[in-house]
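> Okay, here's the prediction I keep looking at, along with the sequence it came from:
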Amino acid sequence: MTSYKELLAQRELLDKQIKEAVQREKADGIAKAKAIIEQYDLSASDLFSRKSGSKGPSGKVAPKYRNPSTGETWTGRGKAPKWIDGRDRSNYLI
């Protein structure tokens, strides 16, 4: 049976080999990517551009509902405030 210290030594050796393999394969991947980028004259925007359907940060949303007694407003997003919760929202439309 292998002792605890022997197993730790084996693990250290394996960890070292894993780190070396990762560095080597990463360097190979970078070299391949650079070759393709040069071959097709690609730019960063070609590689990392946003898709047209993706959502970006949205701005402020205009209020959709107003409490006539207090003037409080609500956009209709998120949890409904108590003054409109459970009521007919059409009565509060702006």
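On my side now, so go ahead.

> got the domain boundaries for this structure?
According to automatic domain parsing, the chain is divided into the following domains: 4-45, 60-94.

> Those domains into a markdown table, with extra columns for mean neighbour count and mean pLDDT?
Glycine gets a C-beta too; all of them are placed from N, C-alpha and C. Conversion of those to a markdown table gives the following (neighbours: other C-beta atoms under 10 Å; pLDDT from 0 to 100):
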| stretch | mean neighbour count | mean pLDDT |
| --- | --- | --- |
| domain 4-45 | 10 | 96 |
| domain 60-94 | 11 | 91 |
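
> Look up how far E20 lies from A31.
Between A31 and E20 the distance is 17 Å, computed by C-beta to C-beta, to the nearest Å.

> Helices along this protein, start to end?
Assigned helices in the chain, in chain order: 4-40, 44-48 (criterion: DSSP state H).

> could I get these as a markdown table with distance to G71?
Shown next, in a markdown table, are the helices of the chain (distance: least, C-beta to C-beta, whole Å):
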| stretch | distance to G71 |
| --- | --- |
| helix 4-40 | 57 |
| helix 44-48 | 45 |
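
> Indicate which one of these is closest to W83.
Comparison of these against W83 by C-beta to C-beta identifies helix 44-48 as nearest, at 45.5 Å.

> Show me what the closest one packs onto, helices and strands only.
Helix 44-48 is packed against no helix or strand, with contacts defined by 3 or more C-beta pairs under 8 Å, 6 or more residues apart in numbering; DSSP states H and E.

> Fine, thanks again, bye for now.
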